[in-house]
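# This is a predicted model, with the sequence first.
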Amino acid sequence: MAEARFEIAIGNIRFSSEGTEEWVDKKYEAFLDRLEQLRDFAPPQMETNSGTTTPTRDDSALVAPLAIFLKQKNVGDNQNNRFLAAAVWLKRNGQASMKIADVTKALADAQQKRLGNPSEIFSRNVQKGYCVKTSDGFYVTPEGEEALGK
């Protein structure tokens with residue numbers, strides 16, 4: 001049997017597993033299933049404001065890498081959902097307004113399948129009310145985030 005080792009860190013959350021490939025895969029899947037719950041237990045970040053130090057939670061540091069986020073949202077081969085999930089991921093990483101090119105670049109940077117016709121896919125998400133066009137790009141609506149599931 002082949003031995004496997006896997007290690008990942010997302011913000012303050014760390015996961016490491018070693019053993020047979022099958023065992024590591026099972027533990028990794030369990031970790032992904034619990035990732036949203038685990039972030040509630042992550043220690044808060046410290047932030048200095050006018051000389052005072054107060055504990056705050058920096059949830060942006062806890063957003064999973066895009067490849068993991070897509071898997072968590074179970075987008076599969078659905079290009080509309082992949083586009084929407086990538087846009088939501090960008091939003092959760094602090095990019096409130098974005099362009100179609102930002103979404104395609106994020107997918108390419110994460111080595112994910114490319115979108116067939118990003119403009120058409122974007123239009124479909126606009127028609128469903130999941131995205132709204134603005135003068136300098138677009139943003140994801142709360143309905144768009146809800147469509148992916150929390």
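The structure has been received and is ready for your questions.
# can we go C-alpha only for contacts and neighbour counts from here?
OK.
# The lowest-mean-pLDDT helix or strand in the chain: what's the following helix or strand?
Lowest mean confidence among the helices and strands of the chain (mean pLDDT, DSSP states H and E): strand 52-56, at a mean of 43. The helix or strand immediately downstream of strand 52-56 is helix 66-72, counting by DSSP states H and E.
# Identify each buried residue in that following helix, please.
By neighbour count with 16 or more other CA atoms under 10 Å, helix 66-72 contains the buried residues 66, 69, 70, 72.
# For the third one, give me its contacts.
Listed by CA atoms under 8 Å, 6 or more residues apart in numbering, the contact set of residue 70 reads 76, 82, 85, 86.
# Filter those down to the buried ones.
By neighbour count, with 16+ other CA under 10 Å, the contacts of residue 70 hold 82, 85, 86 as buried.
# Output these in JSON lines; the columns should cover distance to residue 34 and secondary structure.
Putting the buried ones among the contacts of residue 70 into JSON lines (distance: CA to CA, whole Å; DSSP: H, G, I helix; E, B strand; the rest coil) gives the following:
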{"residue": "82", "distance to residue 34": "21", "secondary structure": "helix"}
{"residue": "85", "distance to residue 34": "19", "secondary structure": "helix"}
{"residue": "86", "distance to residue 34": "20", "secondary structure": "helix"}
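# which one of those residues sits closest to residue 104?
Nearest to residue 104 out of those is residue 86 (CA to CA; 8.3 Å).
# And the helices in this structure?
Applying DSSP state H to the chain gives helices spanning 21-38, 66-72, 79-92, 100-109, 118-127, 142-148.
# Who are the packing partners of the fifth one?
Identification of packing neighbours for helix 118-127 by 3 or more CA pairs under 8 Å, 6 or more residues apart in numbering; DSSP states H and E yields helix 79-92, helix 100-109, strand 131-134.
# Tell me the buried residues in the shortest one?
Okay, so that is strand 131-134. For strand 131-134, by 16+ other CA under 10 Å, it's 131, 132.
# Contacts made by that strand with the rest, please.
Strand 131-134 is contacted from outside by 122, 125, 126, 138, 139, 140, 141, 144, using CA under 8 Å, 6+ apart.
# What average pLDDT does it get?
Taken as a whole, strand 131-134 has a mean pLDDT of 93.
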